[in-house]
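Student: Next comes the sequence, and after it the predicted model I'd like to discuss.
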Amino acid sequence: METKIPEIVGREILLAYAGSNNHLLELKKRLLESKHFSLSRTQADYIIKNEKTIPKVARKKVKLFSSFADKIMLDRLLPKPPEDIWVEKLLCETDKAYHIWGKVLESDQMHSFWVPKMAIVQEEKKLDREIDYSPYDVRPPMEHQKTAIEKLLANDKFILADDMGLGKTTAAVIGSLESGAKKILIVCPASLKINWEREIKNYTDRRILLIEGKKWGSTFDYYIINYDILKNFHTTDKSEDSEAYQLITNAGFDLAIVDEAHYISNSTAQRTKLLNDILSKIPKVWLLTGTPMTSRPINYYNLLKIVESPLTLNWQSYVFRYCAGYQFRVGNRKVWNTSGASNLDELREKTKNLVLRRMKTDILDLPEKIITPVYLELQSRFYDHELEDFIRITKEKRNSESVSVTLNRLMKLRQLIAIEKVPYTCEFIDKFVEQDKKVIVFTNFTASLDMLHEKYKKNSVILDGRMSKEKRQESVDKFQNNDKIKIFISNIKAGGVGITLTAAETVIMNDLSFVPADHSQAEDRAYRYGQKNSVLVYYPVFENTIEIQVYNILQKKKGIIDQVMGDGEYSDTFAGELLKNLL
């Protein structure tokens, strides 16, 4: 009967070994030279596991993180910690450590030793080719976006964590086209799906599928899906192996782009577990987020795990080192508290080659004011009914009412759009408040203004026509000077002129006025003397409503204010174009 005792099996393998693993060759030499030498169980297991592993020749110095270098100094009683080690060969590796043939000091003899993966500074990867950006001249990337594109292309797994407004979407789209990926999965919040589709169409005519409900397709290049419906196409339940539940992993994606990746910062959430499993089977993964760590290092852990940072090889070590983690007893069980933060400089140093994080203040090529439309889709039966009524009555009264009266009848539709927009506007507000930034929101209607104020009662102020001059100034002063007041919510007519709100660098237009000058004036409440940063202006627009037509016409008329009357009147040019499009 064939023996399976590891020590005996290991000995037989060792006697026949003729490979280049120096540790195995040393063990073989000792076995041949000494009759009394016998293998330990650990040595035998190593031999059995690594007999066929071919060592990789490195012949280079590898930089160590200071915490591990300090440990070597103490263990070997050195006068100072070593900055690096010489790696002649990488003999093998485990999930958490490298087995190295090399030396710590110049005076050492070559020997084998283990080094934790998290102790080694990962080399910064650089793109080994130049990119021809001329195919993207229709909307050329700025210099800082080119840096992001090249970082993404140099790394199969990477976190692009630039501040909001720096064009992460554009960088990822161009990066995906340059990557050679044939099939790309994009995961994002539902409100950003149309935005991603439009951004891709700016640069390519490759086929795009917006995944809704349980609809799937097999002949597309880009698949855009929102977090909430991932469960329709994949499960982490391995007993459920039917194709219907494994469509995403069976699709053969070459690249996954995860937008607003902080949505999966909670490792215990079902959504996170689902996406982690999907991403583990896709060779290239790029995470995009303006808030990579939200407020606590524990929220950073899952993102780092997805991009295979060595820091995530040991969860307990991570939370102890970077989350000031500790255990406490609840009844008969022990629970970890991971809500703290510690050694943040070290955490940043150890992750810097896997993450690109730049703030707007770091970027020199930004325009002073960045205006960004965000395209949404309205789901509302009320809107469809109101629009049908408006068009019917307009056709009936085509020859009997003035243009201004016709457009005034649009008020009900515009107000409905403004109210439906509030949840999307709140998503934007929350992003900036999470980053401890101040935000200005403009709306045309009292109902939407009151809804926003009700949601953010504790950290917002309002300004509208119902308020006295003294109360209006009080709102301005609170917003400018009180750190607890993060949101300024204003009627676009009442607050769009004459006031200074430079405490904010973000403006959100909840809904549209018919007068371009109203928007230009409102945008410039933050973009005034005393503003030291670029100002971000967001226009969330429902693409399948009259709002997209109004937005397009306003953009065309902007700067030609004499064509669009002020003081509540509408020019024949504007009104005629809008009514023509509607009818």
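Tutor: Arrived safely, thanks for sending. Numbers count the residues shown, from 1 in each chain.
Student: how about the strands of the stretch 151-300 of the chain, start to end?
Tutor: 157-160, 184-188, 208-210, 222-226, 255-258, 284-288 (DSSP state E, counting those that start in this stretch).
Student: Kindly report the same for the stretch 1-150 of the chain.
Tutor: 56-63, 84-93, 97-103, 111-116.
Student: Out of the helices and strands in this protein, which is least certain?
Tutor: Ranked by mean pLDDT, DSSP states H and E, the weakest helix or strand in the chain is helix 572-582, scoring a mean of 67.
Student: Which of the strands of the stretch 151-300 of the chain sits closest to residue 477?
Tutor: Closest approach to residue 477 among the strands of the stretch 151-300 of the chain (CB to CB): strand 284-288, 37.1 Å. (C-beta placed from N, C-alpha, C; glycine too.)
Student: and the closest one, which strands flank it?
Tutor: strand 157-160 (parallel), strand 255-258 (parallel) (DSSP bridges).
Student: Spell out the residue ranges of the strands in the stretch 351-500 of the chain.
Tutor: Using DSSP E, counting those that start in this stretch, strands in the stretch 351-500 of the chain cover 355-356, 369-376, 439-443, 460-463, 487-491.
Student: Out of the strands of the stretch 151-300 of the chain, which gets nearest to residue 172?
Tutor: Closest among the strands of the stretch 151-300 of the chain, using CB to CB: strand 255-258, at 5.1 Å.
Student: Next, the angle from the biggest helix by length in the chain to strand 487-491.
Tutor: Ranked by number of residues, the top helix in the chain under DSSP state H is helix 411-434. Between the axes of helix 411-434 and strand 487-491, defined by axes from the mean of the first three to the mean of the last three CA atoms, to 10 degrees, the angle is 160 degrees.
Student: Give the other helices and strands that helix 411-434 contacts.
Tutor: Applying 3 or more CB pairs under 8 Å, 6 or more residues apart in numbering; DSSP states H and E, we find helix 411-434 packed against strand 369-376, helix 381-396, strand 439-443, helix 446-455, strand 506-509, strand 535-542, helix 546-557.
Student: Could I get the CA-only coordinates of the first one as CSV?
Tutor: What follows is strand 369-376, C-alpha atoms only, in CSV (Å, rounded to 0.1, in the frame of the first residue of the first chain):
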residue,chain,number,x,y,z
LYS,A,369,-16.7,77.2,-13.8
ILE,A,370,-17.6,73.6,-14.8
ILE,A,371,-21.1,73.2,-16.0
THR,A,372,-22.3,69.5,-16.1
PRO,A,373,-25.7,68.3,-17.3
VAL,A,374,-26.8,65.0,-15.7
TYR,A,375,-29.4,63.2,-17.8
LEU,A,376,-32.2,61.3,-16.0
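Student: how far out from the middle of the chain is that strand?
Tutor: From the chain centre to the centre of strand 369-376 is a distance of 17 Å (CA atoms, centre = their mean, to the nearest Å).
Student: Tell me which strands that strand pairs with, and in which orientation.
Tutor: Using DSSP bridges, strand 369-376 pairs in its sheet with strand 535-542 (parallel).
Student: List of residues touching the partner strand?
Tutor: 164-165, 191, 360, 368-378, 417, 420-421, 424-425, 428, 505-510, 512, 523, 526-527, 547-548, 551 (CB atoms under 8 Å, 6 or more residues apart in numbering).
Student: redo that, cut-off 7 Å
Tutor: The contact list for strand 535-542 (CB atoms under 7 Å, 6 or more residues apart in numbering) reads 164-165, 368-378, 417, 421, 424-425, 428, 505-509, 523, 526-527, 547-548, 551.
Student: In ChimeraX, how would I select the buried members of these?
Tutor: The buried residues among these can be selected in ChimeraX (16 or more other CB atoms under 10 Å) with this line:
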select :164,165,369,370,371,373,374,375,376,378,417,421,424,425,428,505,506,507,508,509,523,526,527,547,548,551
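Student: need the contact list for residue 253.
Tutor: Residue 253 sits in contact with 183, 184, 185, 282, where contact means CB under 7 Å, 6+ apart.
Student: and if you look at residue 519?
Tutor: Per CB under 7 Å, 6+ apart, neighbours of residue 519: 509, 513, 554.
Student: What residue spans form the domains of this protein?
Tutor: 6-119, 141-361, 369-582 (automatic domain parsing).
Student: Let's see the pLDDT reported for residue 349.
Tutor: Predicted confidence (pLDDT) for residue 349: 85.
Student: Which secondary structure state does it sit in?
Tutor: Reduced to three states with DSSP: H, G, I helix; E, B strand; the rest coil, the structure at residue 349 is helix.
Student: got JSON lines for the strands of the stretch 151-300 of the chain, with distance to residue 128, mean pLDDT and mean neighbour count too?
Tutor: What follows is the strands of the stretch 151-300 of the chain, written out as JSON lines (distance: least, CB to CB, whole Å; pLDDT from 0 to 100; neighbours: other CB atoms under 10 Å):
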{"stretch": "strand 157-160", "distance to residue 128": "16", "mean pLDDT": "96", "mean neighbour count": "24"}
{"stretch": "strand 184-188", "distance to residue 128": "22", "mean pLDDT": "96", "mean neighbour count": "25"}
{"stretch": "strand 208-210", "distance to residue 128": "30", "mean pLDDT": "94", "mean neighbour count": "17"}
{"stretch": "strand 222-226", "distance to residue 128": "26", "mean pLDDT": "95", "mean neighbour count": "23"}
{"stretch": "strand 255-258", "distance to residue 128": "18", "mean pLDDT": "97", "mean neighbour count": "25"}
{"stretch": "strand 284-288", "distance to residue 128": "16", "mean pLDDT": "97", "mean neighbour count": "26"}
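Student: Now tabulate the ones you listed in a markdown table and tack on distance to residue 313.
Tutor: Compiled in a markdown table, the strands of the stretch 151-300 of the chain are given as follows (distance: least, CB to CB, whole Å):
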| stretch | distance to residue 313 |
| --- | --- |
| strand 157-160 | 14 |
| strand 184-188 | 25 |
| strand 208-210 | 36 |
| strand 222-226 | 30 |
| strand 255-258 | 21 |
| strand 284-288 | 18 |
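Student: circling back to that earlier point, buried deepest among the helices and strands packed on helix 411-434, which one?
Tutor: strand 439-443 (a mean of 28; mean count of other CB atoms under 10 Å).
Student: so how far is that strand from its chain's centroid?
Tutor: That offset, for strand 439-443, works out to 24 Å (CA atoms, centre = their mean).
Student: Check stretch 36-43 too.
Tutor: That offset, for stretch 36-43, works out to 50 Å (CA atoms, centre = their mean).
Student: what comes up buried for that stretch?
Tutor: 39, 43.
Student: Make JSON lines out of the helices and strands packed on helix 411-434 and add distance to residue 198 and mean pLDDT.
Tutor: Converted to JSON lines, the helices and strands packed on helix 411-434 look like this (distance: least, CB to CB, whole Å; pLDDT from 0 to 100):
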{"stretch": "strand 369-376", "distance to residue 198": "6", "mean pLDDT": "88"}
{"stretch": "helix 381-396", "distance to residue 198": "21", "mean pLDDT": "85"}
{"stretch": "strand 439-443", "distance to residue 198": "23", "mean pLDDT": "95"}
{"stretch": "helix 446-455", "distance to residue 198": "25", "mean pLDDT": "95"}
{"stretch": "strand 506-509", "distance to residue 198": "18", "mean pLDDT": "93"}
{"stretch": "strand 535-542", "distance to residue 198": "11", "mean pLDDT": "91"}
{"stretch": "helix 546-557", "distance to residue 198": "11", "mean pLDDT": "83"}
